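Colleague: only the shape, not the letters, is given here:
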């Protein structure tokens, strides 16, 4: 009987410690959730990511392709605007601040890995992530970022 009491006490303590390491949203205090995205010619894997409103996510972008790839998060309108600029040759590799609807951008060279920390909008929405280096967007190098409950 005494041994069973210790087991129950030990299990209870373990549960309390595990729960104590999370924030009210279920996030670990160690940092944001990590989502790995693999970049190749001409796709992102996974092609769709779900996040909670207001959630901060650390994207780990692994370029397994043979050419550089861009990862840009933004509204469909911002993605189309950036694509027009890139296709027209009027834009270099932009920084995200140049596109008000964009929440982040990074270019990853072949064989390299980069990270991008991103906080989703507070309201449910559908955003896109894409690569706008010449020919990549047209070839279908894009994905969907669903912000929802």
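Modeller: Done, it's in. This is a predicted model, so every value here is computed, not measured.

Colleague: number of residues surrounding residue 119?
Modeller: When neighbours are defined as other Cβ atoms under 10 Å, residue 119 has 14 of them. Yep, even glycine has a C-beta here, placed from its N, CA and C like the rest.

Colleague: got the phi/psi numbers for it?
Modeller: Backbone torsions for residue 119, taken as degrees, to the nearest 10, come to phi -110, psi 120.

Colleague: quick one: the residue lying closest to it once chain neighbours are set aside and residue 40, what's the gap?
Modeller: What sits nearest to residue 119 in space, not counting adjacent residues and going by Cβ to Cβ, 6 or more residues apart in numbering, is residue 56, at 4.6 Å. For residue 56, the distance to residue 40 equals 26 Å [Cβ to Cβ, to the nearest Å].

Colleague: with residue 58 instead?
Modeller: Taking Cβ to Cβ, one finds residue 58 at 21 Å from residue 40.

Colleague: cool, residue 120 as well?
Modeller: 25 Å.

Colleague: who's more crowded, these two?
Modeller: Using other Cβ under 10 Å as the criterion, residue 120 and residue 40 rank with residue 120 on top: 23 against 15.

Colleague: ok, now which ones touch that one?
Modeller: Under the criterion of Cβ atoms under 8 Å, 6 or more residues apart in numbering, the neighbours of residue 120 are 51, 52, 53, 54, 55, 56, 57, 145, 147.

Colleague: can we see that at 7 Å?
Modeller: Contacts for residue 120 (Cβ atoms under 7 Å, 6 or more residues apart in numbering) come out as 51, 52, 53, 54, 55, 147.
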